[in-house]
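Q: generate coordinates for the sequence data below:
(2 chains)
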Amino acid sequence: MTEQKRHQPEPSYLVDTGKYKGLMAWLTSTDHKRIGLMYMYAMMVFFSVGGLLGVLMRIELFYPGQQFYGPQVYNGLFTIHGIIMIFTVVIPGLAAVFGNFSMPIMIGAKDVAFPRLNLFSFYLYVLGAIIALSSQFMGNGPPDTGWTFYAPYSIQTHTNVVAAVFGAFVLGFSSILTGLNFIVTMHRMRAPGMTFFKMPLFPWSLYATAWIQVLATPIVGITLLMIIAERWFRIGFFDPSLGGDPVLYQHLFWIYSHPAVYIMILPAMGVITEIIPVFAQKRIFGYKAIAISSMAIALVGYFVWAHHMYTSGMSTTARWVFSLLTFLVAVPSAIKVFNWVATMYKGSISVKPPFLFALGFIFLFMIGGMTGLSLGALATNIHVHDTAYVVAHFHYIVFGGVGFAFFAAVYYWYPKMFGRMYNFKMANWSFVFLFTGFNLLYFPQFIIGIMGMPRRYFDYLPQFTLGQQISFFGAILLAIGFIIMLITLFSKKGAKAPDNPWGGTTFEWRIPSPPPLENFEVMPEMGLNEGPYDYK
Amino acid sequence: MHPETVHITSYRTHLWILITLLALTFVTITVTWIDLSALTVLVALVIASVKAYLVLTNFMHLKFESSLFRVFIGMVLAIYVLVILFTLSDYLFR
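A: Numbering: from 1, shown residues only, chains lettered A, B, ... in the order given. Below you'll find the predicted structure:
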């Protein structure tokens, strides 16, 4: 090789340099960046399908009484909407897409610790999603249990519960393997000089998330298999008519599914923690407090599951224990919000699309969090349990929180992913539509929920009509905002992106856009007095 | 464990652990014939924990690993103990 050739820049990861070309090159790639993008494309498809099902539900709810479909179809719609959105979009969500794309670069690694296992996780994800979705078209019709598969109804219904449950089981395996991979990567592959307390805070949030993935997911895995075993062999774990205990199902299900909310939200918080110092050009306020609060959320979040079960008939002692713990978990979340605001204070703020979405996240997450506290309080919870209020709270956290953080992350890392910029004006319009549409869609649900509108009903009393109709128009605005975002990002190529378009300080902004296959031509090091957020 | 380090456990030790695990499985089954009321779950969990300890330390070579692994596994066990205790705050006080 000549000297001149040796100094040519490495081709980007988007160029096929291996044995295969085109689609096969992507499907067989063990490169963390390509796997991250494959997750992203898959999730955008699932999100579009789940969103469409949500719009179909809103169409039925436009007027009281039956409009287009009866209760059975409506039950199928909200069940599959939940299964798609929870298990294939928000749980893998930011960790699978941006954890894969950005985390190894941010810690100065060439890839994750187990690249083949990473690709295997992706295929398990696809397989699990296909099995879960096939439940719609096979057997005795779509499952009608809701995404929670509550026993004993999930044991007794004749709809196709087994396929949906087994799909969720396989998706869980994908999650466990990704978590395991990330834990090992962050322990073993950090750049020289990068101690744990010099690691950027997005990887920190992924580290906390990964522990929940590894420790909590097996519990829901075995619980879902118990549902199948009970349906097939009439064993009697959960069905009282067989000697089982339905409350035991709720315990087992929520022991995973509440920490799963933190699997969703922790990486979202991590993304926001990356974006705010970059667009305020200021060192993050309270680095250690944010890092430790991620671990605290993961730990305390493990022990709050039964706040979903206040009306299930469990003991009074358990109810006040879990209510107390629920209030405790709010503390580390509030620490983060305080630190984000303190970081912005007297910063040199530049309002670009990722920052706008980050602000949107904080606003919506605060509403979601505060209404979560009112649901964690025993007396209020009994009043609003299983009403539209819960639907609103949940969507403010999962869509307002995770969704807006996901959009923020796409706009933030897009130039690094594709080496191209996008139209800021269009991106800002997408924010206006998404933010306005979101609030119009979900805020009325708080009000009609307090008024007594139950969740998961296809029909309602006339006094809820206005709220339901405002929600419908919100859903349309939201859909328009999402379409504008897709057009902004994928319709035409923008100008070439510089290596560091936002003035960031973490490692991914020190390499070319898009990055070369192995990320770094020279392995990075972190100096003794250097930190991840050193702004001048 | 260092990649080049190999730990060889004798067949005799492995055999004894296998016999102990089988014996504990036998105990797990036979103990269900005795009415222990509230202690039933506790007894089952204690036997299962002893079996898990034997597998982790010997078959999974935890006794040869660095203390970091032991700390992690200790933390995981602590979390599971807490999960069970919090669940019992429902079942024992209904």
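Q: after the strand or helix carrying B:Val41, next one along is what?
A: Assigned by DSSP states H and E, B:Val41 belongs to helix B:40-54. Downstream of helix B:40-54, the next assigned helix or strand under DSSP H and E is helix B:67-91.
Q: got the angle between that following helix and helix B:40-54?
A: Here helix B:67-91 points in a direction 170 degrees away from that of helix B:40-54 (axes from the mean of the first three to the mean of the last three Cα atoms, to 10 degrees).
Q: write out the residues of chain B neighbouring chain A.
A: Contact residues, chain B versus chain A (Cβ under 8 Å from any Cβ of the partner chain): B:76, B:79, B:82-83, B:86-87, B:89-94. For the C-beta atoms, the positions are set from N, CA and C on the backbone; glycine is no exception.
Q: measure stretch A:342-352 end to end?
A: 19 Å (Cα to Cα, to the nearest Å).
Q: got the residues of chain B next to chain A as CSV, with pLDDT columns?
A: Below are these laid out as CSV (pLDDT from 0 to 100):
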residue, pLDDT
B:Val76, 87
B:Ile79, 90
B:Leu82, 93
B:Val83, 93
B:Phe86, 93
B:Thr87, 93
B:Ser89, 93
B:Asp90, 94
B:Tyr91, 90
B:Leu92, 88
B:Phe93, 91
B:Arg94, 86
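Q: make CSV from these and add neighbour count and distance to B:Thr13 to it.
A: Output for the residues of chain B next to chain A, formatted as CSV (neighbours: other Cβ atoms under 10 Å in any protein chain shown; distance: Cβ to Cβ, whole Å):
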residue, neighbour count, distance to B:Thr13
B:Val76, 13, 25
B:Ile79, 16, 30
B:Leu82, 13, 33
B:Val83, 18, 32
B:Phe86, 20, 37
B:Thr87, 19, 36
B:Ser89, 17, 40
B:Asp90, 24, 42
B:Tyr91, 16, 39
B:Leu92, 12, 40
B:Phe93, 13, 44
B:Arg94, 11, 45
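Q: what's the closest of the residues you listed to B:Trp33?
A: Closest approach to B:Trp33 among those (Cβ to Cβ): B:Tyr91, at 22.3 Å.
Q: got a list of what the nearest residue to the closest one once chain neighbours are set aside touches?
A: Closest residue to B:Tyr91 apart from its sequence neighbours, by Cβ to Cβ, 6 or more residues apart in numbering or on different chains: A:Ser315 at 7.6 Å. Counting by Cβ atoms under 8 Å, 6 or more residues apart in numbering or on different chains, A:Ser315 touches B:89-94.
Q: repeat that with 6 Å
A: Counting by Cβ atoms under 6 Å, 6 or more residues apart in numbering or on different chains, A:Ser315 touches B:90, B:93-94.
Q: again with A:Arg234
A: Here A:Arg234 is in contact with A:Leu242 (Cβ under 6 Å, 6+ apart).
Q: for the closest residue to A:Met421 other than its chain neighbours, phi and psi?
A: Spatial nearest neighbour of A:Met421, chain neighbours left out: A:Gly494 (4.2 Å); criterion: Cβ to Cβ, 6+ apart. Dihedral pair for A:Gly494: phi -90, psi -170, per degrees, to the nearest 10.
Q: distance of A:Tyr74 relative to A:Phe458?
A: Separation of A:Tyr74 from A:Phe458 (Cβ to Cβ, to the nearest Å) stands at 4 Å.
Q: overlap of the contact sets of the two?
A: Joint contacts of A:Tyr74 and A:Phe458 (Cβ under 6 Å, 6+ apart) are A:Glu60.
Q: the strand or helix carrying A:Ala164 vs helix B:67-91, what angle?
A: Using DSSP H and E, A:Ala164 sits in helix A:161-188. Counting by the same axes, to 10 degrees, helix A:161-188 lies at 140 degrees to helix B:67-91.
Q: and the angle from the next helix or strand after helix A:161-188 to helix A:161-188?
A: Per DSSP H and E, the first helix or strand lying C-terminal to helix A:161-188 is helix A:201-233. If you take the same axes, to 10 degrees, helix A:201-233 sits at 150 degrees to helix A:161-188.
Q: so A:Ile276 makes contact with A:Thr343?
A: Yes - judged on Cβ atoms under 6 Å, A:Ile276 makes contact with A:Thr343 at a distance of 5.1 Å.
Q: in this structure A:Ala129 contacts A:Thr88, no?
A: Yes - contact status for A:Ala129 versus A:Thr88: in contact at 4.7 Å, counting by Cβ under 6 Å.
Q: neighbour-wise, which of those two wins?
A: Taking other Cβ atoms under 10 Å in any protein chain shown, A:Ala129 and A:Thr88 do not tie; A:Thr88 has more neighbours (28 against 25).
Q: what about that one, distance to A:Pro143?
A: 15 Å.
Q: could you do A:Gln67 as well?
A: To A:Pro143, A:Gln67 is 23 Å away according to Cβ to Cβ.
Q: higher neighbour count, those two?
A: Shown here are A:Gln67 and A:Pro143; by other Cβ under 10 Å, A:Pro143 has more neighbours (26 against 13).
Q: per-residue confidence at that one?
A: As predicted, A:Pro143 sits at a pLDDT of 93.
Q: part of a strand, is it?
A: No - checked against DSSP: H, G, I helix; E, B strand; the rest coil, A:Pro143 lies outside a strand; its state is coil.
Q: how far away is it from A:Met426?
A: 39 Å.
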